[in-house]
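K.L.:
Please work out how this folds:
(2 chains)
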Amino acid sequence: MVMTSEQRVEASELAGKGRSPWADARRRFFRNKAALMGLVILGFVVAFALFGNSLAQWSNEELDYNVMGQIVELGGPSFESGHYFGTDDLGRDLFARTVQGTQISLAVGLVGALIACVVGTLYGAVAGYFGGRTDSIMMRLVDIFMAVPYMFVLILLLVMYGRSITILFAGVGLISWMEMARIVRGQTLTIKGREFVEAARATGVSAPVIILRHIVPNLLGVIAVYATLLVPLMILTESFISFLGLGIQEPLTSLGALISEGAGTIAYGTTWQLGFPLLFFCLTLFGLFFIGDGLRDALDPKDR
Amino acid sequence: MSPLLSVCDLHVRFPITRAGDMPWTKPRYLHAVNGVSFDLEPGKTLGVVGESGCGKSTLARGLIQMVPATGQVNWRGETDLLSLSPRQMKPYRSEIQMVFQDPLASLNPRMTLGQIIAEPLRTHRPDVSAKERRARVAQMMERVGLLPQMINRYPHEFSGGQCQRIGIARALIVEPKLLICDEPVSALDVSIQAQVIELLKELQRDLGLAMIFIAHDLSVVKNISDEVMVLYLGRIMEKAPKAELYDNPQHPYTQALLSAVPIPDPVAERAKKIVPMTGDMPSPMNPPSGCVFRGRCPRAQADCAEVIPEAGSDEHQVACIHPGPMREKEMTAGN
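P.N.:
Purely as a prediction, here's the structure:
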């Protein structure tokens, strides 16, 4: 092909990477101030969970015998004693405990959301794509599972198999995927009617490949948004369980367990035992909600 | 020459279940395509025309088992495509490719141009290496008038006409024998329409493609077809070689359609006489008895309600019991 100079300039501009829908979404996300703030807050919380221990002067297991028995007078937050957030009721360093609790809470949230994403997406996409009887059976199954009060099941699991973090992960994963499956199924129904899916079918692409190559990538926006909103829900669930005294077992702790302990001793005037875990709990939730909101605006500019 | 595709008595019916129906209630049927037969020879084009809802697209989808169809679809006089299981059908899907109506909607927005065009190749020739595939995609892009440098771009960065070229490139990359074009130009501007049609004609000439070209615009079909089939409510009304159909239409429906084509000359357009056609197409759930067109036909008589006219098997088929050229008294002054 012979090109004029003008065409050649145009061609060189056209070469290289195209502007993908993801790049567009990224640009919109970073222009959103609230979402950016959420990202900064969450970044701070994550950094705190990852590197907090190297700042702590006490480990989370040591008891400070100097403050024992005089927690109200001596256990408050202070730089001199090295207890930046004070100590808990037993004289353990609350800063180290909060770091540990944040780690566990974030892990529960992430694992729950991850299970929801993988299982829920595949389940919902398969049900929605095949439709008909397959769809009816799969979705009625979800309805039945959802009708069972999940808190009851979770508590039963923890009582039966003992209170371990594995059971907690399993329980949270068990309940988290169903809502996701419903959302994904609904979206799949609209996407499968689009012409590009028909084009793939007409050319003989097999169903699993269509689901993975055409349906799921077009669902990722919805999934990402819902997953970021699911993480705080999972954290809340775990905290509630821990608050009831059934969650994480000592010496492990979570933000929910710390808040529970802090709430129990607040009558003695040790407000910091409630205040610091609660602060990190709120920061995490705020950050995640703002990011979720920002992602929704960035990925579905039409649905705003 | 033996026909590439020979369709005999094709029917497509959709069961309609209303909300509140019990599982054992017999569903009512929507008869979308009703006894269509035609032959298509290699390298030739069959134009399919009709109003929206007359079953043009359903006919195309029925041929390649995208919707459940009954009847016979003989491919190269050897295989009945409708008797094949989805797995057996797969090799034939590379020989019959399709171009869709909405150029942008038929391309996955999350895939690059290269991935989109390569998809049929990946599906049907998994042995072709990634490098070879890329080379073929680039070659095909150049063939349809796209710059190969644009291979990493996404569909939303292109205009409608360019998107349709991408759709054509995707269909032709596996070297099909038959291309089904489902209203490929309806969503495009008139000037772009001409470009795309010229491209299709050129590719057909070079590659020896047979085409089924669906449109609702008679002037578009006239340009590209060898033979034209007029559908109404899922039935063939008239089918004839192009020149014959346009110069000597026998069916009143064809005459009405032809007289509705605007003439690009205001004086001639104002002086033109048209065959008036009132009302809408009846529901395919509940078609009229006898001739399905009689409710809107200027020539309808009592016997039209009793006999279902057959199209026959001549070169010029007319499904009408009172065929004939346009009559003066049926026309009224247009506009």
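K.L.:
going forward, measure contacts between C-alpha atoms and count neighbours the same way
P.N.:
OK.
K.L.:
Indicate the residue of the stretch 101-250 of chain A located nearest to chain B.
P.N.:
residue A:196 (3.9 Å; Cα to the nearest Cα).
K.L.:
State the distance from residue A:263 to chain B.
P.N.:
49 Å (Cα to the nearest Cα, to the nearest Å).
K.L.:
Please identify the buried residues of the helix or strand containing residue B:32?
P.N.:
Counting by DSSP states H and E, the element that carries residue B:32 is strand B:28-40. Neighbour counts over strand B:28-40 (16 or more other Cα atoms under 10 Å in any protein chain shown) mark B:30, B:31, B:32, B:33, B:34, B:35, B:36, B:37, B:38, B:40 as buried.
K.L.:
same thing with stretch A:35-47?
P.N.:
So for stretch A:35-47, counting by 16+ other Cα under 10 Å, buried means A:35, A:36, A:37, A:38, A:39, A:41, A:42, A:44, A:45, A:46.
K.L.:
So which of these sit within helices?
P.N.:
Members of the buried residues of stretch A:35-47 lying in helices (criterion: DSSP state H): A:35, A:36, A:37, A:38, A:39, A:41, A:42, A:44, A:45, A:46.
K.L.:
What distance do you get for the fifth one to residue A:221?
P.N.:
The gap separating residue A:39 from residue A:221 is 17 Å, by Cα to Cα, to the nearest Å.
K.L.:
Ok, the first one next?
P.N.:
Plainly put, residue A:35 is 16 Å away from residue A:221 if you go by Cα to Cα.
K.L.:
distance of the residue nearest to residue B:76 when sequence neighbours are not counted from residue B:317?
P.N.:
Spatial nearest neighbour of residue B:76, excluding adjacent residues (Cα to Cα, 6 or more residues apart in numbering or on different chains): residue B:4 at 4.4 Å. According to Cα to Cα, residue B:4 and residue B:317 sit 20 Å apart.
K.L.:
swap in residue B:204?
P.N.:
Using Cα to Cα, residue B:204 is found at 26 Å from residue B:317.
K.L.:
Assign a three-state SS to residue B:255, would you?
P.N.:
helix (DSSP: H, G, I helix; E, B strand; the rest coil).
K.L.:
And for it, the neighbour number?
P.N.:
If you count neighbours by other Cα atoms under 10 Å in any protein chain shown, residue B:255 ends up with 21.
K.L.:
Hmm, residue B:327 and it touching each other?
P.N.:
No - contact criterion Cα atoms under 8 Å: residue B:255 and residue B:327 do not qualify, at 9.9 Å.
K.L.:
Tell me the residues of chain B that contact chain A?
P.N.:
By Cα under 8 Å from any Cα of the partner chain, the residues of chain B that approach chain A are B:64, B:66, B:90, B:93-94, B:97-98, B:100, B:102, B:105-110, B:112, B:120, B:123, B:147, B:149-154, B:157.
K.L.:
Within the helices and strands, which one has residue A:279?
P.N.:
helix A:272-299.
K.L.:
Point to the helix or strand of chain B where mean pLDDT is at its lowest.
P.N.:
strand B:332-333 (a mean of 63; mean pLDDT, DSSP states H and E).
K.L.:
if we can go back for a sec, could you list every residue that touches the residue nearest to residue B:76?
P.N.:
Neighbour list for residue B:4: B:39, B:40, B:41, B:42, B:75, B:76, B:77 [criterion: Cα atoms under 8 Å, 6 or more residues apart in numbering or on different chains].
K.L.:
Residue A:227 now?
P.N.:
With Cα under 8 Å, 6+ apart, residue A:227 has these contacts: A:113, A:114, A:116, A:117.
K.L.:
Out of those residues, give me the one that has the most neighbours.
P.N.:
That'd be residue A:113 among the contacts of residue A:227, by other Cα under 10 Å, with 29 neighbours.
K.L.:
Do I have it right that that one meets residue A:233?
P.N.:
No - checked against Cα under 8 Å, the pair residue A:113 and residue A:233 is beyond contact range at 9.2 Å.
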